[in-house]
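In: All I have is the shape, not the residue letters:
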């Protein structure tokens, strides 16, 4: 140890960086990196746990849903709106000039089969649940959904048309496992 | 610093090893304080007392509360109906939050009027803003704990504010929730943090006091003390004044706790949380309404969030935005009126926040939001620059004592030409 410490003594009267400075800096840097990495497990522990992630797919039987009926199912704790759209709703959704939309998306990109619209029923503004699942609900000016919190209105394709929400209602990942069942997630 | 406390042998023994008695003597007893403080200077100590009351009642409430989503609501109702004096502790705690904010807001406006944020008290002021932010976080998380409809949807809307952050917004929100919606993990962590943050506040309050005692209190004249003739010891003069103020304050506080315990709350929070149904109207507690109004007045989501948080962060810059060197608004004929307009503006924002953003409320909300920013960003630098302040008294004593020449001769001692 002594012979390591001694050469550094040369820099006491000089201004050039010594070996000791180098060791101090690298040790401090390594210690800093170590401390910063040790924070990660704590931060990550706040992310969704494994059992929360495991509940991430839901199967739905569509057979009993009549044309014009809307169904709410729960996927990852969120409501998912399933709309068995009648022909006039589909027509309305397809006829819109896409370029005039805030979040431009043609209806064909938002559905797998035109008569079935599947969207996450959470307003993209601040997370409220829009009204419109019951026939008696206020569906807003565009016949889709209406968020009571801050007045966002969605059309029959779940696209934002008016109000503060920045995006269309999200389409969850899903697939048709048969003609009348879908698996969300 | 002759210490008359050290009469007792045991006290002397302890003090020699741990100078707590010297510290108390120095900071609480003999601590020299401007002799002209008015009752607006009561609110700092009231805020400190509220913090103690909230921690005390909170600890006892936690003994009977269950932070689990299926049990939380019922455990709060059990506190209200079955736990001995549970209703009292909850009502003290619940209304305590409101009164803590009332006292703190008055304390802040006191500082704004008398220029308490100006040199050399910038850090004192900034620590105060940190305390305000911590208080808001604590109050928000505490409101979620009863797991009623307003708890749940308030938590949803406020945490969703972070989804406005570009790119990583949704990841942040999922991380805050510990899931894909506000759920049991969210409730758990909010409870843990709601218990932790008050003690963090205690720590920052200690720093706030350390910074305060470095240069002592500002005073209604806003001029520095010229010598010992301008000060009186904190005890007994201000201990008794603060105690009297506390008595008056407790009359109001107790009136709410015992006679109108639910007046300041939202009845919808007595409905258990339902994740599949949003209540027709989500309104935060009254003390957040002005900020909620700013959020809703801006038609762009990200900008709304930025402006809402900005309305508080702007206070950090206040010592540098105000270009006038005269502290007290008493001597600032123009700033004084802007100050009162700001109070009206904040009240107006509060009223707007309580209404649906429709029709006239949108217009008022936008004007009031614009004025708030105008006040701090434009008015403060410019008025300080062209305003001609009234002449300042030569000392605190000369302004108080008769015959001492209440104001220095006309035109003399202007802080600015």
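Out: Perfect, thanks for sending it. Note that the structure is predicted; figures quoted are calculated from it, not measured.
In: the longest helix in chain B is where?
Out: If you go by DSSP state H, chain B has its longest helix at helix B:184-215.
In: Who does the following helix or strand past that helix pair with, and is each partner parallel or antiparallel?
Out: Next along the chain after helix B:184-215, taking DSSP states H and E as the criterion, comes strand B:231-233. Strand pairing for strand B:231-233, using DSSP bridges, gives strand B:32-34 (antiparallel).
In: now the strands for chain A?
Out: Taking DSSP state E, the strands of chain A run over residues A:58-61, A:70-75, A:78-84, A:116-120, A:143-146, A:153-155, A:160-162, A:174-178, A:181-184.
In: Determine which stretch of those strands is the most buried.
Out: Ranked by mean neighbour count, the strands of chain A are led by strand A:153-155 with a mean of 25 (mean count of other Cβ atoms under 10 Å in any protein chain shown). Where C-beta positions appear, they are placed from N, C-alpha and C, glycine not excepted.
In: Count the neighbours of the spatially closest residue to residue B:105 that is not a sequence neighbour for me.
Out: Leaving aside its chain neighbours, residue B:105 sits nearest to residue B:287 (7.6 Å; criterion: Cβ to Cβ, 6 or more residues apart in numbering or on different chains). Applying other Cβ atoms under 10 Å in any protein chain shown, we find 20 residues neighbouring residue B:287.
In: of all the residues in the stretch 101-250 of chain B, which ones are close to chain A?
Out: Residues of the stretch 101-250 of chain B that fall close to chain A, judged by Cβ under 8 Å from any Cβ of the partner chain: B:153, B:156-157, B:159-161, B:163, B:174-181, B:183, B:185, B:189.
In: Just the ones of those residues in helices?
Out: Counted as lying in helices by DSSP H, out of these, are B:153, B:156, B:157, B:159, B:160, B:174, B:175, B:176, B:177, B:185, B:189.
In: Contacts only, for the first one.
Out: Contact partners of residue B:153, counting by Cβ atoms under 8 Å, 6 or more residues apart in numbering or on different chains, are A:128, B:278, B:279, B:282.
In: Does the closest residue to chain A within the stretch 251-400 of chain B fall in a helix, a strand, or a coil region?
Out: The minimum distance from the stretch 251-400 of chain B to chain A, using Cβ to the nearest Cβ, falls at residue B:278 (4.3 Å). Under the three-state scheme (DSSP: H, G, I helix; E, B strand; the rest coil), residue B:278 adopts coil.
In: Where does pLDDT dip in chain B?
Out: Counting by pLDDT under 70, chain B has low-confidence residues at B:1-6, B:400-417.
In: what residue lies at the spatial centre of it?
Out: Against the mean C-alpha coordinate of chain B, by Cα atoms, centre = their mean, the closest residue is residue B:104 at 3.3 Å.
In: burial count for the closest residue to it other than its chain neighbours?
Out: Spatial nearest neighbour of residue B:104, excluding adjacent residues (Cβ to Cβ, 6+ apart): residue B:47 at 5.2 Å. Residue B:47 has 24 neighbouring residues, counting by other Cβ under 10 Å.
In: Would you double-check that residue B:47 falls in a strand?
Out: No: going by three-state DSSP, the assignment for residue B:47 is helix, not a strand.
In: give the contact list for it.
Out: When contacts are counted by Cβ under 8 Å, 6+ apart, residue B:47 touches B:100, B:103, B:104, B:107.
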